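Undergrad: I'll drop the sequence and a predicted model, then ask my questions.
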Amino acid sequence: MMSQEEMNLSKVLTEDRKTGQEVIFDEQGNTVSTVQKYWQWAYSSLLGNTERGNFAEYLVAVALGIADNTRIEWDKYDMKSPSGITVEVKSSGYLQTWSQKNLSKPIFSIRPTRAWDYQTNQYEKISKRQAEVYVFCLHKYQRKDDGLNPLDLSQWEFYVLPTKILDEKMPGQKTITLEKVKSLGAVTSSFHELKDVIEHCLD
């Protein structure tokens with residue numbers, strides 16, 4: 001039988017979706033900041049590799065109409081479409097926040113993983129690609145000028161590829177170039193077409 005402490009630690013923690021108006025307070029109960037100000041401090045840059053990836057994942061969730069919940073960071077795949085298709089989202093781009101001599105070459109991660117179930121805290125024994133579909137999100141803008149704006153979705157391109165093609169053509173491969181994604185027959189999509197492309201890519 002589990003002890004009270006073990007039962008407490010075994011709980012899966014979930015948090016309510018925040019508005020940004022929640023206050024951060026000190027040990028005396030005085031307001032020192034807000035969640036919105038924290039978000040502005042931590043997440044205003046959408047061009048860095050980490051936040052660009054999170055932002056791309058959010059864009060796919062918005063396209064699928066499933067962005068009203070909160071992101072589960074460590075699930076075995078990134079999201080599930082309304083029809084039940086499991087989706088993995090990867091992002092890349094030509095521009096970096098640091099000084100560049102040349103444009104970056106878009107490369108995406110496709111490495112197989114051992115799935116971890118955040119509810120049971122258990123890893124599966126076999127490494128594989130967990131989702132049925134990969135969505136490769138490319139921030140295609142190539143100039144560091146006043147037009148650069150990752151919030152402008154005309155600056156993004158999306159490539160949708162069934163995982164079975166990756167498994168057939170590139171088993172065990174950890175990364176893939178944009179050129180290879182295209183050569184494998186990925187369907188190119190705009191943001192507005194993305195939901196339909198994902199929902200029908202396994203037909």
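TA: Now that the structure is in, tell me what you want to look at.

Undergrad: which secondary structure element contains the residue nearest the centre of the chain?
TA: Most central in the chain under CA atoms, centre = their mean is residue 57, positioned 3.1 Å from the mean C-alpha point. Secondary structure assignment for residue 57, by DSSP states H and E: helix 49-64.

Undergrad: now that helix - C-alpha only, CSV.
TA: Output in CSV follows, covering the C-alpha atoms of helix 49-64 (Å, rounded to 0.1, in the frame of the first residue of the first chain):
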residue,chain,number,x,y,z
ASN,A,49,15.5,28.6,-31.5
THR,A,50,13.7,27.6,-28.3
GLU,A,51,10.8,30.0,-28.4
ARG,A,52,10.4,29.8,-32.2
GLY,A,53,9.8,26.1,-31.6
ASN,A,54,7.2,26.7,-28.9
PHE,A,55,5.6,29.4,-31.1
ALA,A,56,5.5,27.1,-34.1
GLU,A,57,3.8,24.4,-32.0
TYR,A,58,1.2,27.0,-30.9
LEU,A,59,0.6,28.0,-34.5
VAL,A,60,-0.2,24.4,-35.4
ALA,A,61,-2.5,24.1,-32.4
VAL,A,62,-4.3,27.3,-33.5
ALA,A,63,-4.7,26.0,-37.0
LEU,A,64,-6.2,22.8,-35.7
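
Undergrad: after it, next one along is what?
TA: strand 79-80.

Undergrad: what's in contact with that next one?
TA: Outside strand 79-80, the residues that touch it by CB atoms under 8 Å, 6 or more residues apart in numbering are 57, 60-61, 64, 66, 86-87, 89. In short, each C-beta sits where N, CA and C put it, glycine included.

Undergrad: counting neighbours, which of these comes out on top?
TA: residue 60 (25 neighbours; other CB atoms under 10 Å).

Undergrad: does it touch residue 133 like I think?
TA: No: contact criterion CB atoms under 8 Å: residue 60 and residue 133 do not qualify, at 10.2 Å.

Undergrad: for those two, list the residues in contact with both.
TA: Joint contacts of residue 60 and residue 133 (CB under 8 Å, 6+ apart) are 87, 198.

Undergrad: distance from the one helix or strand residue 24 maps to to the middle of the chain?
TA: Element membership for residue 24, per DSSP H and E: strand 23-25. Chain-centre distance of strand 23-25: 28 Å, with CA atoms, centre = their mean, to the nearest Å.
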